[in-house]
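In: using only what follows, build the 3D model:
(one chain, ligands or ions: 1)
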Amino acid sequence: MRLVLTNVLPIAGLGLLTTLLHDSAWGWATTTLGLLLVVIVQTRSLASFAAWIDDPQRSDAPDHAGEWGEIYLKLSRRLRVEARARDEIEARLRSFTDAMDAVPDGLVIVDGNHQVQWANRAAGDHLGIRVPRDGGAIIEQLVRTPGFAEYLGKPGEPSPFIVQSPAARARTYALRIVPLGQRNTLLVSLDVTDARRVETMRSTFVANVSHELRTPLTVVSGFLEHFADEGSMSAEQRQQFAHLMSEQTRRMLSLVDDLLTLSRLEAEDAPASEEEVDMDELLAQLLAEGQSLSEGRHRIQASCKGPALRGNRKELHSAFGNLVSNAIRYTPPGGEIRIKWKLRGELGVFSVRDSGVGIAAEHLPRLTERFYRVDRGRSRDTGGTGLGLAIVKHILLRHQANLAIDSRVGEGSTFRAEFPDWRLRPDDPPSDDPQTSG
Ligand code: ADP
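Out: Reported below is the predicted structural model:
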């Protein structure tokens with residue numbers, strides 16, 4: 001309206017004035033010329049407006065006076081407000097996507113046609129689904145595990161669907177589906193590899209313990225049946241059976257003792273208390289215990305040339321005692337065993353060397369696993385529980401020490417416990433000569 005008032009009225013007035021002063025032909029000519037001029041000017045303004053509105057971000061609004069100036073001003077203001085609102089929405093969306101990408105569980109949204117709408121980063125690692133690449137793809141064609149399509153069809157299913165990752169380092173994921181709104185579904189994947197590994201270890205452990213206890217229990221219960229039948233055995237037989245039963249009972253007791261030791265070690269991260277352990281005294285004790293176990297069948301030497309060791313005496317005694325006992329049990333009569341404590345560079349090294357049966361290289365990495373034995377018969381015959389080295393490893397770990405094993409079949413083995421320098425008393429003088437027995 002204002003456009004008409006400011007442009008057309010003055011021209012109409014000029015035409016009227018010209019008509020009055022001259023004649024009507026002049027008036028019409030003046031009015032037509034004026035209107036033509038107005039049309040040309042407005043058409044040019046409209047063209048430059050159209051060019052600007054196509055991409056208002058690229059350049060500032062053209063400098064215009066009058067109505068066009070006002071239109072540009074109002075539109076620029078409105079566009080600025082809209083741009084600010086869009087930036088804000090984009091920033092919020094970005095922070096939401098970042099948060100979803102930080103979630104360790106995989107999240108995928110699929111629509112009613114099972115087409116992928118959105119997925120977070122973990123979904124890419126777990127299921128190989130990446131958006132935008134897989135946007136619109138049918139989820140069953142991306143997760144090709146048998147049974148998955150049927151699982152998708154049961155939204156209320158309480159138990160998860162388990163899938164294995166195709167990657168070389170196989171991982172296990174539990175998938176769940178959650179209805180989302182009217183038509184969509186949220187697929188959640190959870191990495192359950194470690195939980196399943198622990199569960200497998202637990203059930204293997206229970207199976208092993210049951211097996212270990214079952215054998216002596218079967219023997220004892222068999223003997224007890226004979227005992228019940230009084231007349232079926234002589235006094236001598238009875239005594240022999242009683243001896244065998246107490247041997248089996250001792251075996252069960254040492255298994256239970258070792259299990260309790262292991263579970264106590266696992267329950268606490270660090271020893272309850274630490275002290276300066278007098279290694280002279282500890283080695284003398286280990287030597288005496290070794291001699292009693294060997295009953296004179298081996299030559300045993302102990303030499304202490306290192307400082308006092310900071311640690312839990314009871315635990316260290318248990319770990320070192322296990323190594324000495326193994327050396328005696330896996331060394332035939334007449335063999336030699338050396339127990340040593342010395343400094344090697346910065347480290348304090350406790351070692352037990354034997355001239356026994358030795359261990360083939362392929363067994364070495366698995367020796368500290370629970371119930372792992374190279375020779376099951378020999379272990380059982382010598383009263384082994386299969387838990388000794390697992391206990392040793394645990395105790396050494398709690399003392400930041402490393403277990404090193406050197407062995408050759410038929411020549412013997414050396415087990416070394418290497419302690420860091422900060423566990424050694426710095427100013428201790430080296431100790432005396434080897435103590436020998438045998
Ligand atoms: P075990 O009670 O069977 O001795 P350990 O955990 O102490 O269980 O040892 C695991 C296995 O390592 C043993 O069964 C044995 O085969 C092997 N082993 C351990 N120490 C020695 C050694 N000094 N010489 C030969 N083999 C050994």
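
In: would you map the strands across the chain?
Out: All strands of the chain, identified by DSSP state E, fall at 106-110, 116-119, 161-164, 172-180, 184-191, 275-277, 299-304, 309-311, 336-344, 347-354, 402-408, 412-419, 435-437.

In: rounded mean pLDDT for the fifth one, please.
Out: Confidence for strand 184-191, expressed as mean pLDDT, is 94.

In: which outside residues touch it?
Out: The contact list for strand 184-191 (C-beta atoms under 8 Å, 6 or more residues apart in numbering) reads 104-112, 117, 122-123, 126-127, 139, 152, 155, 160, 163, 171-180. (Each C-beta comes from the backbone N, C-alpha and C, glycine too.)

In: try 7 Å
Out: For strand 184-191, contacts defined as C-beta atoms under 7 Å, 6 or more residues apart in numbering pick out 105-111, 117, 123, 126-127, 155, 171, 173-180.

In: can you check the fourth one too?
Out: Applying C-beta under 7 Å, 6+ apart, the set of residues contacting strand 172-180 from outside is 109, 126, 152, 155, 160-165, 185-193, 196.

In: type out the ChimeraX command that picks the buried ones from those.
Out: Buried subset of the contacts of strand 172-180, written as a ChimeraX selection, criterion 16 or more other C-beta atoms under 10 Å:
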select :109,126,152,160,161,163,165,185,187,188,189,190,191
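
In: near the ligand, from the contacts of strand 172-180?
Out: Among those, no residue lies close to the ligand (C-beta under 6 Å from any ligand atom).

In: which bits of this structure sit near the ligand?
Out: So far as C-beta under 6 Å from any ligand atom goes, the chain lies against the ligand at 322, 326-327, 330, 354, 356-357, 359, 367, 372-375, 379, 384-390, 413.

In: buried ones among those residues?
Out: 322, 326-327, 330, 354, 356-357, 359, 367, 372-374, 379, 384-390, 413.

In: among the residues of the chain next to the ligand, name the ones in helices.
Out: Those of the residues of the chain next to the ligand mapping onto helices are Asn322, Asn326, Ala327, Ser379, Gly388, Leu389, Ala390, per DSSP state H.

In: sort the residues you listed by pLDDT and name the bottom one.
Out: Among those, pLDDT bottoms out at Ser379, giving 87.

In: which residues touch that one?
Out: Contacts of Ser379 (C-beta under 7 Å, 6+ apart): Arg373, Gly386.

In: so where's the stretch 51-200 of the chain shaky on pLDDT?
Out: With pLDDT under 70 as the threshold, the stretch 51-200 of the chain has low-confidence stretches at 166-169.

In: please enumerate the helices of it.
Out: Using DSSP state H, counting those that start in this stretch, the helices of the stretch 51-200 of the chain run over 66-102, 121-127, 139-142, 148-152, 193-228.

In: just how off-centre is stretch 152-164 within its chain?
Out: In terms of C-alpha atoms, centre = their mean, to the nearest Å, the centre of stretch 152-164 is found 24 Å from the chain centre.

In: do the same with stretch 391-405
Out: The answer for stretch 391-405 is 23 Å, by C-alpha atoms, centre = their mean.

In: in that stretch, what counts as buried?
Out: Buried-residue list, stretch 391-405, by 16+ other C-beta under 10 Å: Ile391, Val392, Lys393, His394, Ile395, Leu396, Arg398, His399, Ala401, Leu403, Ile405.

In: any idea how far Thr204 is from Gly296?
Out: 40 Å (C-beta to C-beta, to the nearest Å).

In: cool, and Asp381?
Out: For Asp381, the distance to Gly296 - C-beta to C-beta - is 19 Å.

In: test my guess that Phe223 contacts Met245.
Out: Yes. Counting by C-beta atoms under 7 Å, Phe223 does reach Met245; the two are 5.1 Å apart.

In: what about Val352, how many neighbours?
Out: Here the count is done by other C-beta atoms under 10 Å, and Val352 has 25 residues near it.

In: quickly list what it is bridged to.
Out: Ile339, Phe415 (DSSP bridges).

In: check contacts around it.
Out: Contacts of Val352 (C-beta under 7 Å, 6+ apart): Leu323, Val324, Ala327, Ile337, Ile339, Phe415.

In: show me the contacts for the residue of the stretch 101-250 of the chain found nearest the ligand.
Out: The minimum distance from the stretch 101-250 of the chain to the ligand, using C-beta to the nearest ligand atom, falls at Glu212 (10.4 Å). Applying C-beta under 7 Å, 6+ apart to Glu212 gives the contacts Leu255.

In: and for Leu213, the neighbour number?
Out: 15.

In: what's the burial count for the spatially closest residue to it that is not a sequence neighbour?
Out: Nearest residue to Leu213 in three dimensions, chain neighbours excluded: Met252, at 6.1 Å (C-beta to C-beta, 6 or more residues apart in numbering). When neighbours are defined as other C-beta under 10 Å, Met252 has 16 of them.

In: and Met252, how far from Leu396?
Out: 27 Å.

In: and what of Glu418?
Out: On the measure of C-beta to C-beta, Glu418 and Leu396 end up 9 Å apart.

In: domain assignment for the protein?
Out: 9-98, 103-191, 197-267, 275-437 (automatic domain parsing).

In: and the shortest one, how far apart are its ends?
Out: Put plainly, it is domain 197-267. Using C-alpha to C-alpha, to the nearest Å, the end-to-end distance of domain 197-267 comes out at 19 Å.

In: what's the answer for stretch 176-189, then?
Out: End-to-end for stretch 176-189, by C-alpha to C-alpha: 7 Å.

In: likewise for stretch 135-155?
Out: 22 Å.

In: hmm, who's touching that stretch?
Out: 108, 110, 114-116, 127-129, 134, 157, 161, 163, 177, 179, 185.

In: against the ligand, how distant is the nearest residue to Pro10 once chain neighbours are set aside?
Out: The shortest distance from Pro10 to any non-neighbouring residue, by C-beta to C-beta, 6+ apart, is to Gly34 (7.9 Å). To the ligand, Gly34 is 111 Å away according to C-beta to the nearest ligand atom, to the nearest Å.
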